[in-house]
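Peer 1: Provided below are the primary sequence and the corresponding predicted coordinates.
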There are 2 protein chains.
Amino acid sequence: MTTQQLVEQIKAKKSFLCIGLDVDLNKIPKHLLDTEDPIFEFNKAIIDATHDLCVSYKPNTAFYEAYGLKGWKALERTINYINEKYPEIFTIADAKRGDIGNTSTMYAKAFFEDLAFDSVTVAPYMGKDSVEPFLAFKNKHTIMLALTSNQGAFDFQTLDVDGKELYKQVLETSKSWQNSENLMYVVGATKAEYFTEIRKIVPNSFLLVPGVGAQGGNLQDVCKYGMNDNIGLLINSSRGIIYAGNDENFAKAAAEKALELQQQMSEVLS
Amino acid sequence: MTTQQLVEQIKAKKSFLCIGLDVDLNKIPKHLLDTEDPIFEFNKAIIDATHDLCVSYKPNTAFYEAYGLKGWKALERTINYINEKYPEIFTIADAKRGDIGNTSTMYAKAFFEDLAFDSVTVAPYMGKDSVEPFLAFKNKHTIMLALTSNQGAFDFQTLDVDGKELYKQVLETSKSWQNSENLMYVVGATKAEYFTEIRKIVPNSFLLVPGVGAQGGNLQDVCKYGMNDNIGLLINSSRGIIYAGNDENFAKAAAEKALELQQQMSEVLS
């Protein structure tokens, strides 16, 4: 998918919502556990109920790997379902991968070719040759961690490197990498004040923003400081939406939570 | 497995060799492609031929994920085979994972419980709460990236943070984390001169060292500067061993390469 197609979808749906599909078998409605593939059945119901309110789905691979082969199979069924039924949706494999060059190429093949995601999240610690293999894929997007929304973000990401926080150095350096136009960045919403600084470094890039709602981030602030002419934001919500209900009406409850966020986004966009 | 059991195995085998099982279907002997599970058949032959020369196997998950369900199944069969047939071997899931707390717990379950690896590699960028969930598992080991062996290591890992390179800050900070005694570190062999400095910060920890041989690192130098009273080193070789041969005698060729390294290690240990 091209960035332009993503922007058009955002304008058509008046939404820049990404829904995180982090499926924990201990948290989904009990009646699904009797089905053959509870993880997929849960996702399918959530997707069918929310696809017109969001522009992106983001399964976090940890939640699938934890269930071994069954989990990987459910991930495969989920991405195939989205790609077949709702091909306009921008899909994100939240995998936070990164390795030496030839190994990163294998990861890129896993997510861009075998599973056919539109994008994958990656970690920056190993530098240029760990990320460029992902960037080489045309019309695929690589979403690199810059400033995350967890407490541990302050352990290293905000350390001072030659008078500049590490995450700023990461943003700056990545702009010189080959095919850097295929980069997006993860920026946590819990620090809305940082968005002004970040936009000075990457004015045109899309930012994937976790941490709105549950983790304390404020949607209006993020939009005020983070939005650009192309919208440039994907706001993620996971648990707040998918676990809104816990009975047979769970998908309806999820859609209601998604609608609340979509309406706030619609206001911001108008 | 306890660290003490690993040390005893090293002394018994006179080897601190780790063999990387990075299986690429384009590189394995052609006759294996006709079998039902070429990845596993390749690994099984390599493992049977080399298990007495090494103390550890390290499948890199990227090479398995790239083949989707088939790949994940082969990874599962490989770790099960090692655990059943050679339980003394220290197994490493080279996955370089890391995410916010509850998500890292899912990754830890995937590798420590579902797949029953002894250890997993993790990335430090997201800080303390992305790594501590792994450290909570008893007699399991978390191998954190410190200084990697690729060119991109110099993009961020060696940047100056308050008068100290970032990788040193990472080593230093991680010592204060809960259950930090379960930490080991990845340190690339291409920079043997760094080991002296690293040993000042983590004198007692095991270091997993890639980059000997193919990537230019020198075994004697690494041992001279990196070894401690408990040996404290696992030297990894992947392609140099597993692709030593390309015909029906590939496992024998791999064993010969492994023996060369084991003999060098035996000399260092005596």
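Peer 2: Received, thanks. Residues are numbered from 1 along each chain as shown, chains lettered A, B, ... in the order given.
Peer 1: make it CA atoms for all contacts and neighbour counts henceforth
Peer 2: OK.
Peer 1: how about low-confidence regions in chain A?
Peer 2: Filtered on pLDDT under 70, chain A yields the residue ranges A:213-217.
Peer 1: quick one, strands of it?
Peer 2: Here chain A has its strands, by DSSP state E, at A:17-21, A:56-59, A:90-97, A:119-122, A:141-147, A:160-161, A:164-165, A:183-187, A:207-209, A:233-237.
Peer 1: ok, and what's touching the fourth one?
Peer 2: Taking Cα atoms under 8 Å, 6 or more residues apart in numbering or on different chains as the criterion, the residues outside strand A:119-122 that touch it are A:90-98, A:111-112, A:131, A:140-145.
Peer 1: Which ones, among these, also lie beside chain B?
Peer 2: A:Lys96, A:Arg97, A:Gly98, A:Phe111 (Cα under 8 Å from any Cα of the partner chain).
Peer 1: Mark which of the contacts of strand A:119-122 are buried, thanks.
Peer 2: A:90-98, A:111-112, A:131, A:140-145 (16 or more other Cα atoms under 10 Å in any protein chain shown).
Peer 1: By residue count, what's the longest helix in chain A?
Peer 2: helix A:250-269 (DSSP state H).
Peer 1: elements contacting that helix?
Peer 2: Contacts defined by 3 or more Cα pairs under 8 Å, 6 or more residues apart in numbering or on different chains; DSSP states H and E place helix A:250-269 against strand A:17-21, helix A:38-50, helix A:239-242.
Peer 1: Run through the neighbouring helices and strands of the longest one.
Peer 2: Just to be clear, that refers to helix A:38-50. Helix A:38-50 packs on helix A:68-85, helix A:250-269, going by 3+ Cα pairs under 8 Å, 6+ apart.
Peer 1: so how many other residues sit close to the spatially closest residue to A:Tyr64 that is not a sequence neighbour?
Peer 2: Excluding the flanking residues, the one nearest A:Tyr64 by Cα to Cα, 6 or more residues apart in numbering or on different chains is A:Gly71, at 4.2 Å. Around A:Gly71 there are 22 other residues, counting by other Cα atoms under 10 Å in any protein chain shown.
Peer 1: Same question for A:Asp24.
Peer 2: 15.
Peer 1: and the closest residue to it other than its chain neighbours, what does it touch?
Peer 2: Distances taken as Cα to Cα, 6+ apart put A:Phe63 closest to A:Asp24, at 6.5 Å, once the chain neighbours are dropped. Residues near A:Phe63 by Cα under 8 Å, 6+ apart: A:Asp22, A:Val23, A:Asp24, A:Gly71, B:Thr103, B:Met106, B:Tyr107.
Peer 1: could you redo the last one with a cut-off of 7 Å?
Peer 2: A:Asp22, A:Val23, A:Asp24, B:Met106 (Cα atoms under 7 Å, 6 or more residues apart in numbering or on different chains).
Peer 1: Including distance to B:Phe42, could those residues go into CSV?
Peer 2: Converted to CSV, the contacts of A:Phe63 look like this (distance: Cα to Cα, whole Å):
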residue, distance to B:Phe42
A:Asp22, 34
A:Val23, 34
A:Asp24, 34
B:Met106, 29
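Peer 1: Going through these, which ones are buried?
Peer 2: A:Asp22, A:Val23, B:Met106.
Peer 1: Deepest in the core, which of the helices and strands packed on helix A:250-269 is it.
Peer 2: strand A:17-21 (a mean of 26; mean count of other Cα atoms under 10 Å in any protein chain shown).
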